[in-house]
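Q: here's my sequence, what's the structure:
(one chain, ligands or ions: 1)
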Amino acid sequence: MSLPLQTPPALDVEALRGDFPILSRTIHDRPLVYLDSASSSQKPNAVIDAVSRYYRESHANIHRGVYVLSEEATIAYEQAHVRVADFINADFEEMIFTKNTTEALNLVAYAWGLSNLQAGDEVVLTPLEHHSNLVPWQQVARRTGAVIRYIRLTADGCLDMEHAAETIGPRTKLVSVAQVSNVLGTVNPVDELGRMAHAHGALICVDGAQSIPHMAVDMRAMDCDFFAFSGHKMLGPTGIGGLYGRRRILEQMEPFLFGGDMISEVTLEGASWNDLPWKFEAGTPPIAQGIGLAAAVEYLQGIGMEAVQAHEHTLVRYALEQMREVRDLDIYGPEADDRGGVISFNLDSLHPHDIASILDQHGVAIRGGHHCAMPLMRTLGLNSTCRASFYVYNTTEEINVLVEAIGAARRLLRR
Ligand code: 7TS
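A: Residues are numbered from 1 along each chain as shown. Okay, the predicted model is just below:
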């Protein structure tokens, strides 16, 4: 069971791990094995240092002072937009910084949905969405009378694309779908869904929370209308995320939040709006976090997203092989070639929280629960699962520790 460390030649994981100070921690006297990056990734020194350098040397509010510090902060924050826009092959004007994916999706739901949806219009989602790509649409549907329709899943947790073709039709105004499921790891065919949506004059919104950290994403190639993501899952700080929006659509939309910085001119009677992207960034923004996100993107570009993806694919394939050897372990979702770096499982009828806390005793951090995807749990006939998720700093040796710890949990709990 203990194979040597296997990684694609492009990635020197041992060297890379040295960039992440937290990975040298011990937990309950064992080396930390961090397998919860789908919740939030760990941070390299490049990000920690960029944030701390900004606070030590250049902090002031942006877009207001004419003094040196404010100018430096403004340039750094604007450069962060340029860097992140470049990372996803978008224009600077199309790159709005938000707090996280949740806020980005709420921006689309409220600023686009409330004024573009009417009674009888249809929003097409899937049962594997995170609550943040579900609840905002339910709220908007309640207010507008729009109807939500769901594309069915196949037995192995992929989208039933024949059903997608039947569901996306002339009444569809928006298809909103995760590119990668946070529970099953399923990689959804967003290009094809986009073509189906556009053929009916509808828009496509992609929840990229679990894709952008792990694979190259290109807005022009994907031809999507909105793309939402979180910085903290892609080596960046918490409190920063992004929304890409097609410029033509963003220009037509009213702002989401109102206040300082998003205006062009205000009178006692009304206001006009600032240029993109600032029209959608009201108030003092997350300046340090934006700069930290740009450092994370630079770090990922230094590795290369193809190398990141190849490494995770190796890990998932290896983990599935090893985990399938464990008795009484149910694994959910598609084969390694069709999934991102996420494996959900249950051990017999044991509660995921019990398993996660025994794994914690071994230094292994995984998540147990419904993963903010309660409708998916119900579709699978489950209440909860354990979930191990991998990133660029994980190794096959850590997967061996995971598998050994699951074996120990099984022996302990089934005694
Ligand atoms: N969409 C997907 C697909 C996600 O996985 C998550 C977070 C979100 C949206 C929301 O991201 P946030 O940064 O706004 O919270 N997913 C998880 C998870 O799987 N475990 O913790 C958070």
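Q: now residue 297: closest residue in space, sequence neighbours ignored.
A: residue 87 (4.6 Å; Cβ to Cβ, 6 or more residues apart in numbering). (Glycine included, C-beta is placed from N, CA and C.)
Q: for that neighbour, give me its contacts.
A: With Cβ atoms under 8 Å, 6 or more residues apart in numbering as the criterion, the residues that contact residue 87 are 297, 300, 301.
Q: can you give me the distance of it to residue 231?
A: Distance, residue 87 to residue 231, using Cβ to Cβ, to the nearest Å: 11 Å.
Q: and the protein, what are its domain boundaries?
A: Here the domain parsing of the chain from automatic domain parsing is 13-31+305-413, 47-302.
Q: elements contacting whichever strand or helix holds residue 297?
A: Assigned by DSSP states H and E, residue 297 falls within helix 287-303. If you count contacts as 3 or more Cβ pairs under 8 Å, 6 or more residues apart in numbering; DSSP states H and E, helix 287-303 packs onto helix 45-53, helix 68-87.
Q: again, only this time at 10 Å
A: helix 13-17, helix 45-53, helix 68-87, strand 95-98, strand 241-245, helix 305-323 (3 or more Cβ pairs under 10 Å, 6 or more residues apart in numbering; DSSP states H and E).
Q: adding mean pLDDT and distance to the ligand, write these out as CSV.
A: Listed next are these as CSV, based on pLDDT from 0 to 100; distance: least, Cβ to the nearest ligand atom, whole Å:
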stretch, mean pLDDT, distance to the ligand
helix 13-17, 97, 22
helix 45-53, 98, 16
helix 68-87, 97, 15
strand 95-98, 98, 9
strand 241-245, 98, 6
helix 305-323, 97, 15
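Q: any idea which of those gets closest to residue 254?
A: Proximity to residue 254 (Cβ to Cβ) singles out strand 241-245 among the helices and strands packed on helix 287-303, at 12.8 Å.
Q: mind listing what that closest one pairs with, with the direction of each?
A: Strand 241-245 pairs in its sheet with strand 95-98 (antiparallel), strand 226-230 (antiparallel), by DSSP bridges.
Q: report pLDDT for the closest residue to residue 220 other than its chain neighbours.
A: Computed as Cβ to Cβ, 6+ apart, the closest residue to residue 220 that is not its neighbour in sequence is residue 89, at 5.2 Å. pLDDT, residue 89: 98.
Q: thinking again about what came up before, any idea which of the helices and strands packed on helix 287-303 is most buried?
A: Per residue and on average, the most neighbours among the helices and strands packed on helix 287-303 fall to strand 241-245, with a mean of 29 (mean count of other Cβ atoms under 10 Å).
Q: now the strands paired with strand 241-245 in JSON lines, with distance to residue 343?
A: Formatted as JSON lines, the strands paired with strand 241-245 follow (distance: least, Cβ to Cβ, whole Å):
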{"stretch": "strand 95-98", "distance to residue 343": "29"}
{"stretch": "strand 226-230", "distance to residue 343": "21"}
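Q: fine by me, thanks again.
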